[in-house]
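*Asks:* Generate coordinates for the sequence data below:
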Amino acid sequence: MFQVGVVRTFHAAALRQLTYFWPRVIGGDPPKVIESKLPLLADAFRLVRRAPDRAELRDVASEIEWAKATQIGPEDYAEAARKAGRTPPVPAEEVFRLFDAYERLRRERHLVDFETILELTAAVMTEHREVAAQIRQQYRYFVVDEYQDVNPLQKLLLDTWLGGRDDLCVVGDPNQTIYSFTGATPRYLTGFSVEHPEATVIRLVRDYRSTPQVVSLANRLIDRSKSPHRLTLVAQRPDGPEPGFTEYDDEQAEAAGVARAIRALVDGGVPAREIAVLFRVNAQSEAYEQALTTVGVPYLLRGADRFFERPEVRHAVVLLRGADRSAARDDEL
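*Replies:* Residues are numbered from 1 along each chain as shown. A predicted model of the protein is given here:
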């Protein structure tokens, strides 16, 4: 008997299951998925009589994502943020009001965001045993990569999928948790052998991707962090240049500095296709797109939409065009 394997993200798998079972166990059409929180959050800003600012929109959206990923409701946000040592972009009471308004608007408009997809899938499986049985029969074994970046909501769904089984393999590095700002924690990885005492632990220390200079820098950083889970990595590639470090005052200055450095490299004969800019979240691409355009460097954006192709920007453009047409009609009158 052969097992058929599929590769999906938590959200893609959950959305597929939720969409399939919704008509059967809930009834009616499944809710529409919003690709970005920003347009709906902008409406929440207006609902609480606060003028939306793009920077605040993005930062408050991040706070809402953190809260939902860690299973914190609007009413508990202020206390949870204080305990977690978070610094809200606006007063915590304001985040509560915006979070609450966002959730009310989302439910009224029959919408789901990425976190709600996971919540609802876990809830449907918990409340409807026949759904859970069918999913668990279809998906027997699970492999989770980058396990150090799993957040409490994803862990809840994973446990619901497993249903008490231990047919699970995880891969990760507790020193590479990069999504802690959205609620991810390496505790699930570091405590895996406690949660699953029969698990086999294999430590991989050979680095086939990076040069010895990069690996050496990584080892020094990990040593300085005093992490209890330190592993000394061993490089397998030939030597390369020493990494450099530059600090900037803010995001805009950083983007401008990176663009100037790229312009200098291109002018010096380095092919543009050999230069890459990596950033943490897609929302940061706008600053680099503008900066590169300013210095006349062509670029290819991967893994994200160009600025004017983003849902929230298209939505804003539609509103602006509508306002312009309305103003033109008023002038005619």
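
*Asks:* Show me where this protein has its strands.
*Replies:* 32-33, 111-112, 142-144, 168-170, 206-207, 234-235 (DSSP state E).

*Asks:* Just put those in TSV and tack on mean pLDDT and mean neighbour count.
*Replies:* For every residue, glycine as well, the C-beta is placed using N, CA and C. Putting the strands of the chain into TSV (pLDDT from 0 to 100; neighbours: other CB atoms under 10 Å) gives the following:
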stretch	mean pLDDT	mean neighbour count
strand 32-33	96	12
strand 111-112	98	16
strand 142-144	96	15
strand 168-170	97	16
strand 206-207	95	13
strand 234-235	96	16
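
*Asks:* among those, which is nearest Glu63?
*Replies:* Nearest to Glu63 among the strands of the chain is strand 111-112 (18.8 Å), distances taken as CB to CB.

*Asks:* Quick check: can you name the pairing partners of the closest one and their directions?
*Replies:* Sheet pairing of strand 111-112 (DSSP bridges) gives strand 32-33 (parallel).

*Asks:* Any chance you could list what contacts the partner strand?
*Replies:* For strand 32-33, contacts defined as CB atoms under 8 Å, 6 or more residues apart in numbering pick out Leu15, His110, Leu111, Val112, Asp113, Phe114, Ile117.

*Asks:* Retrieve the pLDDT associated with Asp331.
*Replies:* Per-residue confidence (pLDDT) for Asp331: 60.

*Asks:* burial measure for Phe105, as a count.
*Replies:* To be clear, residue 105 is Leu; Phe isn't right here. 15 (other CB atoms under 10 Å).

*Asks:* give me the low-pLDDT residue ranges for this protein?
*Replies:* Residues of the chain that meet the criterion pLDDT under 70 lie in 1-5, 304-312, 323-324, 326-333.

*Asks:* repeat that for 90
*Replies:* By pLDDT under 90, the low-scoring segments of the chain are 1-7, 35, 49-55, 140, 175-176, 178-182, 222, 224-232, 279-286, 302-333.

*Asks:* returning to what we had before: can I get the contacts of strand 32-33 in JSON lines including distance to Asp239?
*Replies:* As requested, these are arranged in JSON lines below (distance: CB to CB, whole Å):
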{"residue": "Leu15", "distance to Asp239": "45"}
{"residue": "His110", "distance to Asp239": "57"}
{"residue": "Leu111", "distance to Asp239": "52"}
{"residue": "Val112", "distance to Asp239": "50"}
{"residue": "Asp113", "distance to Asp239": "46"}
{"residue": "Phe114", "distance to Asp239": "42"}
{"residue": "Ile117", "distance to Asp239": "46"}
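
*Asks:* Check the contact between Val95 and Ala81; I expect there is one.
*Replies:* Yes. Assessed by CB atoms under 8 Å, Val95 is found in contact with Ala81 at 7.5 Å.

*Asks:* Can you show me the helices along this protein?
*Replies:* Assignment of helices within the chain using DSSP state H yields the ranges 10-25, 38-47, 54-69, 77-84, 92-108, 114-127, 129-138, 152-162, 187-190, 192-195, 212-225, 251-267, 285-294, 311-332.

*Asks:* Throw those into CSV and include distance to Leu168, thanks.
*Replies:* Output for these, formatted as CSV (distance: least, CB to CB, whole Å):
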stretch, distance to Leu168
helix 10-25, 14
helix 38-47, 35
helix 54-69, 20
helix 77-84, 28
helix 92-108, 32
helix 114-127, 16
helix 129-138, 13
helix 152-162, 6
helix 187-190, 11
helix 192-195, 9
helix 212-225, 26
helix 251-267, 39
helix 285-294, 35
helix 311-332, 35
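
*Asks:* out of the ones you listed, nearest to Leu300?
*Replies:* Of these, the one closest to Leu300 (CB to CB) turns out to be helix 285-294, at 10.5 Å.

*Asks:* Can you list the buried residues in that closest one?
*Replies:* Within helix 285-294, the residues that qualify as buried are Ser285, Glu286, Ala287, Tyr288, Glu289, Ala291, Leu292, counting by 16 or more other CB atoms under 10 Å.

*Asks:* Contact partners for Gly240?
*Replies:* By CB under 8 Å, 6+ apart, Gly240 lies in contact with Thr211, Pro212, Gln213, Val214.
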